Each structure stands twice: as C-alpha cells, then as structure tokens.
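**Student:** sequence first, then the predicted structure:
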Amino acid sequence: MNGVWYVSITANCRPVSPPTPFSSHRVRIMAVQVSESDQIKQFKEFLGTYNKVTENCFMDCVRDFTTRDVKPEEPFVFQSSCSESCLQKYLKMTQRISMRFQEYHIQQNEALAAKAGLLGQPR
C-alpha cells in the first residue's frame, strides 16, 4: 500500500483497502456529472423548442411591420389572443402526442409480455 494507511472510522484503527476507481463516492460524482450533462442537454432542447414555437407563432400572428403599434386584423381581436391561441394549440398538440406515445409504449410492453409468456410456456 506504499506506506499509506486508510483508516476506517471504528474503535480499532486498522488498514483497510484503498478506494477503488469505482468507489461509491466516485460513482456519485459520475452520476452528478451525468445528470448535469443531461440537464444541459435537456435545457438546450427546451431552448430550441421555445425558439421554434416563438418563431412559428410570431410568423402566424404578426403581419404588419409598418408601425410600432400592434394592430388587430379584425375588430376586437388583439395580437395577444393570436399568440395565446397559438401557444395553446402547441401545448395541446404536445400533450396529445405525449399521450399517444405513452399508449404506444404500453401496447408494445404488453405485446412483449404476452410474447414472453407464450415463449416461456412448455409445449
């Protein structure tokens, strides 16, 4: 052990094995680093989605660049309502896609479980 003693915290001081490269502390540090990189990736995806939604709603709702004032296209209809409805449509679409995606995965898992059940039975 090259003259280095690793002491455990007990009543008896005795040498213990040195930490391995995959000790729990290092594993926790790696897990934190992975989660940080996942968080950064997730945040980048969020910003990309935000920019895409903002651009799409802007292109759909803003049509007049001749003045600084926001002018409604129709009487009593304001641009904020256009952007709000655009965002609501996007959120509803995202929610519906997410629900369908979950339903698909449930069906796939049930099919795999049924197949595994059939394969596991003796003939």
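**Tutor:** That came in fine, so what should we check first?

**Student:** mind pulling up the pLDDT for Cys61?
**Tutor:** As summarised for this prediction, Cys61 has a pLDDT of 80.

**Student:** and it, how many residues sit next to it?
**Tutor:** 18 (other Cβ atoms under 10 Å). The C-beta positions use only the backbone N, C-alpha and C, and glycine is treated the same way.

**Student:** host element of the nearest residue to it once chain neighbours are set aside?
**Tutor:** Nearest non-adjacent residue to Cys61, counting by Cβ to Cβ, 6 or more residues apart in numbering: Cys82, 3.8 Å away. Using DSSP states H and E, Cys82 maps to helix 79-120.

**Student:** kindly report the same for Asp64.
**Tutor:** Assigned by DSSP H and E, Asp64 falls outside every helix and strand.

**Student:** could you give the number of residues near it?
**Tutor:** 11.

**Student:** how near is the residue nearest to Cys61 to Tyr50?
**Tutor:** Plainly put, Cys82 is 18 Å away from Tyr50 if you go by Cβ to Cβ, to the nearest Å.

**Student:** ok, the two, which is more surrounded?
**Tutor:** Cys82 (19 against 10).
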